[in-house]
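1. Sequence first, predicted model second:
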Amino acid sequence: MLELYQFEISQYSEKVRLILDYKGLEYRKHEVTPGIGQVELFRMTGQRQVPVLKDGNKFVADSTEIAKYLETHYPEQPLIPTDSKKRGFCLMMEEWADESIGIKGRKALFSAISQDQSFRKSLLPITTPDLFKNLVGEVPSDFLKLLGVGVGYTPDVVASAIKDLKQDLSALCLILADSPYLLGDEPCLADFAVAGLSILLKFPDDAYIDIPEALRGKGVPGLADNPDYELFFTWRDRLYAQFRKPLTGQSNTGTAPTSIQID
Ligand SMILES: N[C@@H](CCC(=O)N[C@@H](CS)C(=O)NCC(=O)O)C(=O)O
């Protein structure tokens, strides 16, 4: 069976989970422990980031490489159009989604969690002891802003990311106003990239991602709750209902994700 090394809350991992579900491929999730689990990932793949797909003895890192690998080796339910113009637009839109929605979505979420303590608490793994959750909840928002400055997320950077995301969402609403999918009547890689990468803007309402219930349907104020972008989030809900397998029991493969870490 295919195996996916992932963070449950990672938007690039979600893009791959959507693609795997669309192609009807069974897979087992391995939840990588941030930090220590990434050392093990580096040992296996020569790099530290998720998602990584394991197929037999082969490891494929990077969501775009995984999509192309799956398209070559599991061609049922094709992801990339054959028509050259559509193919070009599809690949361009996928790359744009990775670089714009993926990267800027993190910055926008950072601003949301610095403003909302209960949101910040809910983002902690389900297994985090309540005592620690309470401590994190009490950290003043300014502290997180400071932390953001430390990693380059200054208020200016966050404001500019949100401004760009608003333009991205408006553009997507325009494109989707008269067609069911981004490039017309059939879904393609661009749809799954855009939908998966946008989870940090607003987590899906239903049980597709293994996150605390309190987070479902929540997202970045001004984006997730903005009626101007309702068309986009309604489109995404429909895409999920059509193609994404809901969690069954503990995970969507019927088996709990396992962590990788060094003892
Ligand atoms: N270009 C990569 C980006 C993957 C990425 O940014 N992964 C993040 C999680 S969403 C990660 O592993 N971060 C941990 C790190 O960089 O150490 C892809 O498309 O897969």
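-> Great, that's in hand. Values in this document were obtained by computation on a predicted structure and should not be read as measured data.
2. switch to C-alpha atoms for all contacts and neighbour counts from now on
-> OK.
3. Next, find the distance separating residue 192 from the ligand.
-> 13 Å (Cα to the nearest ligand atom, to the nearest Å).
4. in what helix or strand does that residue lie?
-> helix 189-197 (DSSP states H and E).
5. The very next helix or strand once past that helix vs helix 189-197, what angle?
-> For helix 189-197, the following helix or strand on the C-terminal side (DSSP H and E) is helix 230-243. If you take axes from the mean of the first three to the mean of the last three Cα atoms, to 10 degrees, helix 230-243 sits at 100 degrees to helix 189-197.
6. ok, and for stretch 157-172, which residues are buried?
-> Using 16 or more other Cα atoms under 10 Å as the test for burial, stretch 157-172 gives 157-158, 161-162, 165-166, 168-170, 172.
7. neighbouring contacts of it?
-> 100-101, 104-105, 107-108, 111, 182, 223, 228-229, 232 (Cα atoms under 8 Å, 6 or more residues apart in numbering).
8. can you give me the helices for the stretch 1-150 of the chain?
-> Along the stretch 1-150 of the chain, the segments classed as helices by DSSP state H, counting those that start in this stretch run 11-22, 36-45, 63-73, 84-97, 103-115, 117-123, 130-138, 141-150.
9. Mean confidence (pLDDT) on the third one, please.
-> What that stands for is helix 63-73. For helix 63-73, mean pLDDT is 98.
10. other SSEs contacting that helix?
-> helix 11-22, strand 52-55 (3 or more Cα pairs under 8 Å, 6 or more residues apart in numbering; DSSP states H and E).
11. worst average pLDDT in the helices of the stretch 1-150 of the chain?
-> Ranked on mean pLDDT, the bottom entry among the helices of the stretch 1-150 of the chain is helix 141-150, at a mean of 51.
12. need the next SSE after it, C-terminal direction.
-> helix 155-176.
13. Quick check: mean pLDDT of that next one?
-> 95.
14. what angle do it and helix 189-197 make?
-> Using the same axes, to 10 degrees, helix 155-176 lies at 140 degrees relative to helix 189-197.
15. Just the CA atoms of helix 155-176, as CSV, please.
-> Output in CSV follows, covering the C-alpha atoms of helix 155-176 (Å, rounded to 0.1, in the frame of the first residue of the first chain):
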residue,chain,number,x,y,z
PRO,A,155,2.7,43.1,10.6
ASP,A,156,3.6,44.5,7.1
VAL,A,157,4.4,41.1,5.7
VAL,A,158,1.2,39.6,7.1
ALA,A,159,-0.9,42.6,5.8
SER,A,160,0.6,42.2,2.4
ALA,A,161,-0.1,38.5,2.3
ILE,A,162,-3.7,39.0,3.3
LYS,A,163,-4.1,41.7,0.6
ASP,A,164,-2.6,39.3,-2.1
LEU,A,165,-4.8,36.5,-0.8
LYS,A,166,-7.9,38.7,-1.3
GLN,A,167,-6.9,39.3,-4.9
ASP,A,168,-6.3,35.5,-5.3
LEU,A,169,-9.7,34.6,-3.9
SER,A,170,-11.5,37.3,-6.0
ALA,A,171,-9.7,35.9,-9.1
LEU,A,172,-10.8,32.4,-8.3
CYS,A,173,-14.4,33.5,-7.8
LEU,A,174,-14.3,35.1,-11.2
ILE,A,175,-12.9,32.0,-12.8
LEU,A,176,-15.4,29.7,-11.1
